[in-house]
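**Q** Below are the sequence and a predicted model; questions follow.
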Amino acid sequence: MKKRVLLIVLGAMFFALPLTAQESWVRFYEAEEWEEMSGQCVIQTADGGYAIYAYFYEYGVGEKVWLLMTSPHGDTLWTKKYENQASWGSDALIESADGSCVLTGAGYTGESYDVWLCKAGAYCDVIWERHVDLGKGLDEYGRSIQQTTDGGYIITGRTYDLNLNKSDVLLIKTDARGDTVWTHTYEQGGASVSQTADGGCMLACNFGSYPYEFGLLKTNSLGQEEWRRIYDGTGGGWGMEQTTDAGYILTAVSAIIKTDSAGDVEWTRDFVAECARQTTDGGYILGGIAGTKLIKLDPDGNTLWEKIREFHIYSVRQTTDGGYILTGGPDVWLVKTDSTGYAPKLSGIAEPVPVTHHSNWEVVNSVGSRITLRYVDYPQGFTAFIFDATGRKVDEVHSSLTSGCITWGEGCGAGVYFIVAESDIASTQKVLLIR
């Protein structure tokens, strides 16, 4: 059967980077008297450290938001628990322009839940807190927050009417001190929000009744709806991020969707991810696929590599050194990977570090449903042969380009294989193809 070879062409600047791995490590964070907890959102802060927004449940007391500030190596600096309900989303925490952290969620005020907004200082101390209550006997929950160009904030979430068993999208605009400027509600539930170039807002929303359809809702600068796009067959969704081309990358329940600025679909991929972020090379990093997978895509949505983590990934972002930071649950943990997604296992048992047997080529990921080879400076092109465990040649890959990446494995059965570069037959790398 003919095998398909996916050739990924990377820019010359990429190949100017060394093939050595960046820093990678694992950290666990524990707290007294807890029943359940998990990391929901992580960001890298301006000082190179990290801030983690965590869900924390204490038996007999209830739910709390737990904020942790760490050093660039993941060592705990400061922590604080807030008596509020956590948001189950990867956009509930941001770093504001002045270096403070701003969080959202929900707070119980004695009669109902209201949107909770908090600005925290470098020591996790509260600079100010706000609660947004629409009245009308509604519960309101904050899920996603972004700072706007005027220094204020936009928050999306949902309202819930217990009497009608009905939920709507909630959009809130505040000033720089968190005081409400205006609010709007729209039918169905909100997941993420982003300010648009014209000063309006783009919301990722779940529409209809269960099973939901995921889509985009565009507003003007006053929160008035301008248009919406609904993507059939998605089953709802988790979130959205604006991309550098003014389009959007959406994490639906059943797919990853890339759109242009008008919400028209450019491509879709059948991944079920908790979060998707654009990377500096124009591609994307996906976390939470099948709960535990970390996947890197090129700008066209083609898979470059996959890594499997042991625990559920809820949030992932690229770091300034080109690696990735991720958190999830159960428990609160932080994993720093290199640019290939490599990091020690959470169990403390190190996964094999990719070994370069030839100075100009390597296997980027040796385990996965696709195997990625990276090669540099082959003027006559690059060719490699693939052998199965019996020593039988089963395939070969070839590129006429001087440098690049080749992804292999589609259409091949699971098992152990050996890869040999034509120009370096003494060098063999063992890989494991899984399905």
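**A** Perfect, I can see it now.

**Q** C-alpha from now on. contacts and neighbour counts both.
**A** OK.

**Q** what lines up beside the host helix or strand of Leu304 in the sheet?
**A** Taking DSSP states H and E as the definition, Leu304 sits inside strand 303-308. Strand 303-308 has its sheet partners listed here by DSSP bridges as strand 293-297 (antiparallel).

**Q** mean confidence score for the partner strand?
**A** When pLDDT is averaged over strand 293-297, the result is 93.

**Q** Would you map the helices across the stretch 151-300 of the chain?
**A** Counting by DSSP state H, counting those that start in this stretch, the stretch 151-300 of the chain has no helices at all.

**Q** Strands of that one, start to end?
**A** Using DSSP state E, counting those that start in this stretch, the strands of the stretch 151-300 of the chain run over 153-161, 166-174, 180-187, 189-195, 201-207, 213-219, 225-231, 237-242, 248-252, 256-259, 265-269, 275-278, 284-289, 293-297.

**Q** I'd like to know which of these has the weakest mean confidence.
**A** By mean pLDDT, the lowest-scoring of those turns out to be strand 189-195, with a mean of 75.

**Q** picking up where we left off before, which helix or strand lies directly C-terminal to the strand holding Leu304?
**A** Downstream of strand 303-308, the next assigned helix or strand under DSSP H and E is strand 312-318.

**Q** wait, doesn't Leu401 sit right on Gly381?
**A** Yes - counting by C-alpha atoms under 8 Å, Leu401 touches Gly381, with 5.2 Å between them.

**Q** how about low-confidence regions in this protein?
**A** Scanning the chain for pLDDT under 70 picks out 1-21, 188-191, 210, 289-291, 347-359, 389-391, 423-427, 435.

**Q** could you redo the last one with a cut-off of 50?
**A** Scanning the chain for pLDDT under 50 picks out 1-21, 348-358.

**Q** Spell out which residues make up each domain of it.
**A** Domain ranges of the chain: 22-337, 361-433, per automatic domain parsing.

**Q** out of the strands of the stretch 151-300 of the chain, which comes closest to Gly105?
**A** Judged by C-alpha to C-alpha, the one of these that comes nearest to Gly105 is strand 153-161, at 8.7 Å.

**Q** other SSEs contacting the closest one?
**A** With contacts taken as 3 or more C-alpha pairs under 8 Å, 6 or more residues apart in numbering; DSSP states H and E, strand 153-161 sits against strand 139-147, strand 166-174, strand 189-195.

**Q** quick one: buried residues of that strand?
**A** Judged by neighbour count using 16 or more other C-alpha atoms under 10 Å, the buried positions of strand 153-161 are 153-160.

**Q** and the direction of it versus that of strand 180-187, what angle?
**A** 50 degrees (axes from the mean of the first three to the mean of the last three C-alpha atoms, to 10 degrees).
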